[in-house]
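**Q** Give me coordinates for this.
(one chain, ligands or ions: 2)
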Amino acid sequence: MAKIYLGLDASTQSMSALAVDAVSGEVVYSKNVNFGADLPWYNSPSGYLKNEDPSVVHADPMMWLDSLDMLFERMKADGFDFASVAAVSGSGQQHGSVYLNSSFFKAVENLDSSKTLAEQLKPSLSRATSPIWMDTSTTLECREMAEALGGNAELSRITGSGAIERFTGSQIRKFAKQEPENYADTARIHLVSSYLCSVLAGRDCAIDFGDGAGMNMLNLSTLKWDGKIVSFLADNLAEKLPEVKASANIGGKISKYFVEKYGFNAEADIVLFTGDNPSSLVGVGAMADATAAISLGTSDTFFASMKDLATDPDMCGHVFGNPAGGFMSLICFRNGSLAREHLKADLGVDWTFFDKTSFESTKVGCGENMFIPFYGDEIAPRVNSDSPRLKGTADFESLKDKASAVRALVEGQFMNMKLRSDWMSSKPSRIRLTGGASKSDGMARVAADVFNATIERMKVGNSAALGAALRAANASGGFSWSDLAEKFCKSDASKTVEPIAENVAVYAEKIGKFAKFIEAEYKRA
Ligand SMILES: Nc1ncnc2c1ncn2[C@@H]1O[C@H](COP(=O)(O)OP(=O)(O)O)[C@@H](O)[C@H]1O
Ligand SMILES: O=C(CO)[C@@H](O)[C@H](O)COP(=O)(O)O
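**A** Ligands and ions are numbered 1, 2, ... in the order given. Purely as a prediction, here's the structure:
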């Protein structure tokens, strides 16, 4: 008999759903709502609100709720059989936080299916907007954290990361300092993942170890909130935090709101949500071995499950909980797809030119041309930037040579990724590529040659939503990881890209020059 599990993914730019039949091994349904295109009244074309201070990046949490209702409406219109779903889980863009007053607990338990989620839950916000992972405005709070808590190396030893601007701890501290009344009015602080989980379950749910580790306050040795860090960050913070639990816990049965409105089975389990990267780790089938993965979503990320805990001396890399148990390493690049989109718009070209044509008409390594692709602040390395830096021929620097500009930007992104990931002890010979831009053959080729690794692309593209569905099947249905990985996490052999020795040598030679170019331009501390 079919066993259907539904995975949801609320990432930076979209809310998506993917349903699997865990018995037959089929993906039976998928659907997507794009925040910019489908909810234009939120004025968030790329999923976040414009701010006059570019370091402040917030999103409207009601946009996430409206997109969830819209997604389920679309699924209903498609005739999706909600009643057949045995369990739901999900993932959210990491680090983003939702601030709620004490009315939240009752409001989420008593959702009325004749109204929308947003109209019922808006009054329970104690902060109108949510800082998200792209926010870099908490440098001062990070410095205060490091000074008070024994330095970044110590914070990294305890939490898996030094004090980081986008992580939730420094964001909470900034909110408490700048808006003390609203902070005092806050009874609960959720992550995007645990907020949506709570809404689905109709009760206040826990944060999981995967996403919780992105808050700079989870003690990785005890897997509890670290008392010393929490009390330093803000007054009474401990009581405002949800519980933190292993990802495989059930948050509860699905709320009657979704049963009445969309026809879910009232017995469907809601499995704790996690971050989109930990979820992708599961979706690419890398939860149980040392396979590395690169996700080219809004952010670019490089991650792998971890055998031995190791931290990054340069503080760009992080340790998160692996939803399948143990830990994972991750490096996040803020100038991922948005930098590619920026150049694409500046050049007035389409994705075919960007993914293919430009690579066919240019040479590997791009001669002397180099492109540091930091259109905005970067987090790996941690530098403030408001424009990319180009060095090379006049036509290249003025962007007249469009093909070279595209190649050099992509090469710059992957060489930077290689430089920042060298702290991870194992050099992967095989990397799984996922995310919206992984369809680009040009990018897959550059990744293979820069990393000297086989690049595998997945049969099921949306690895975060797939990971969520597989986590639901594992935690609620008892399906083993090996069974699920065997059925769902296969790469598409026709899209595998092998490294070419000649090209590998070009990048091995060029990467040193590129590192010096970055250092000279940004004079890193
Ligand atoms: N053909 C393509 N080539 C390169 N990038 C693409 C292509 N199609 C989509 N993208 C990029 O994929 C991104 C979305 O990827 P996705 O994984 O859905 O992001 P997220 O999960 O962060 O919302 C878009 O920002 C877009 O730039
Ligand atoms: O900050 C991080 C990871 O630390 C980002 O990777 C966010 O989790 C956003 O993910 P995408 O929407 O780009 O997938």
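**Q** any idea of the pLDDT on S426?
**A** As predicted, S426 sits at a pLDDT of 68.
**Q** Okay, domains of the chain per the record?
**A** Residue ranges for the domains of the chain, per automatic domain parsing: 4-277, 285-457+492-525.
**Q** Pretty sure A475 sits against S89.
**A** Yes - the criterion here is C-beta atoms under 8 Å, and A475 meets it with S89 at 7.2 Å. Bear in mind the C-beta positions are built from the backbone N, C-alpha and C, glycine included.
**Q** what residues are shared contacts of these two?
**A** Common neighbours of A475 and S89, counting by C-beta atoms under 8 Å, 6 or more residues apart in numbering, are V271, L272.
**Q** Name the residues of the protein found near ligand 1, please.
**A** 11-14, 297-298, 337, 340-341, 351, 354-355, 435-437, 439-440 (C-beta under 6 Å from any ligand atom).
**Q** Just say helix, strand or coil for A505.
**A** helix (DSSP: H, G, I helix; E, B strand; the rest coil).
**Q** next one: phi and psi at the residue in the stretch 301-450 of the chain that ligand 2 sits nearest to?
**A** Nearest residue of the stretch 301-450 of the chain to ligand 2: C332, at 3.8 Å (C-beta to the nearest ligand atom). Torsion angles at C332 (phi, psi; degrees, to the nearest 10) stand at phi -120, psi 140.
**Q** Which residue ranges of the stretch 1-150 of the chain form strands?
**A** 4-10, 14-21, 26-34, 58-59, 85-92, 97-100, 130-131 (DSSP state E, counting those that start in this stretch).
**Q** Adding mean neighbour count, distance to T159 and mean pLDDT, write those strands out as TSV.
**A** Formatted as TSV, the strands of the stretch 1-150 of the chain follow (neighbours: other C-beta atoms under 10 Å; distance: least, C-beta to C-beta, whole Å; pLDDT from 0 to 100):
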stretch	mean neighbour count	distance to T159	mean pLDDT
strand 4-10	29	24	98
strand 14-21	25	29	98
strand 26-34	17	33	98
strand 58-59	24	24	98
strand 85-92	29	19	98
strand 97-100	26	16	98
strand 130-131	28	18	98
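**Q** tally of neighbours for the spatially closest residue to S463 that is not a sequence neighbour?
**A** In space, and not counting its chain neighbours, S463 is closest to G283: 3.1 Å by C-beta to C-beta, 6 or more residues apart in numbering. Number of residues near G283 (other C-beta atoms under 10 Å) recorded here: 34.
**Q** Return the distance of the residue of the chain found nearest ligand 1 relative to S279.
**A** The nearest approach of the chain to ligand 1 comes at G436, 2.1 Å away (C-beta to the nearest ligand atom). Going from G436 to S279 by C-beta to C-beta, to the nearest Å gives 15 Å.
**Q** Compare these two (neighbour count), which wins?
**A** S279 (36 against 18).
**Q** Are we agreed that the more buried one is in a strand?
**A** No - with three-state DSSP as the criterion, S279 is helix rather than part of a strand.
**Q** for it, what are its contacts?
**A** G7, D9, G90, S91, G210, P323, S463, A464, A465, G467, A468, R471.
**Q** Tabulate the residues you listed (CSV), appending distance to K523.
**A** Below are the contacts of S279 laid out as CSV (distance: C-beta to C-beta, whole Å):
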residue, distance to K523
G7, 44
D9, 38
G90, 42
S91, 37
G210, 35
P323, 39
S463, 37
A464, 36
A465, 41
G467, 39
A468, 42
R471, 43
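**Q** what two of the residues you listed are the furthest from one another?
**A** G210 and A465 (15.1 Å; C-beta to C-beta).
**Q** More neighbours: the two, which one.
**A** A465 (34 against 31).
**Q** How about the backbone phi and psi for that one?
**A** According to degrees, to the nearest 10, A465 has phi -70, psi -40.
**Q** same thing with V271?
**A** Dihedral angles for V271 - degrees, to the nearest 10 - are phi -90, psi 140.
**Q** go on, G96?
**A** According to degrees, to the nearest 10, G96 has phi -60, psi 140.
**Q** Just give the number of residues close to it.
**A** 31.
**Q** which ones are touching it?
**A** A59, S130, P131, I132, W133, L191, V192.
**Q** Now for the residues you listed: which two are most distant?
**A** Longest span within these, C-beta to C-beta: A59 and L191, 12.8 Å.
**Q** So the nearest residue to A19 once chain neighbours are set aside versus V108, what's the distance?
**A** Sequence neighbours aside, Y29 is the residue nearest to A19 in space, at 4.2 Å (criterion: C-beta to C-beta, 6+ apart). Counting by C-beta to C-beta, the gap between Y29 and V108 amounts to 27 Å.
**Q** ok, now which ones touch N322?
**A** N322 neighbours (C-beta under 8 Å, 6+ apart): G210, P278, L281, M287, S305, M306, M328.
**Q** Excluding sequence neighbours, find me the nearest residue to it.
**A** Nearest non-adjacent residue to N322 (C-beta to C-beta, 6+ apart): M328, at 4.4 Å.
**Q** List of residues touching the helix or strand containing that neighbour?
**A** M328 is located in strand 327-333, with elements delineated by DSSP states H and E. Under the contact criterion C-beta under 8 Å, 6+ apart, strand 327-333 has outside partners 133, 160, 210, 220, 277-278, 281, 299-306, 309-310, 312, 316-322, 378-380, 413, 416-417, 420-421, 424.
**Q** switch the cut-off to 6 Å
**A** 277, 281, 299-306, 316-320, 322, 379-380, 420-421, 424 (C-beta atoms under 6 Å, 6 or more residues apart in numbering).
**Q** How many residues are close by the nearest residue to G227 once chain neighbours are set aside?
**A** Excluding its sequence neighbours, the residue lying closest to G227 (C-beta to C-beta, 6+ apart) is A238, at 7.3 Å. Residues within reach of A238, counting by other C-beta under 10 Å, total 13.
**Q** Now A238. Its backbone dihedrals?
**A** Dihedral angles (degrees, to the nearest 10) for A238: phi -50, psi -40.
**Q** again with S480
**A** Torsion angles, degrees, to the nearest 10, at S480: phi -80, psi 160.
**Q** With S299 instead?
**A** phi -90, psi 160.
**Q** check contacts around the residue lying farthest from the centre of the chain.
**A** Ranked by distance from the centre of the chain (C-alpha atoms, centre = their mean), the top residue is A394, with 37.0 Å. Listed by C-beta under 6 Å, 6+ apart, A394 has no contact partners.
**Q** 8 Å instead, please
**A** So A394 contacts K400 (C-beta under 8 Å, 6+ apart).
**Q** Please consider this matter closed, and thank you.
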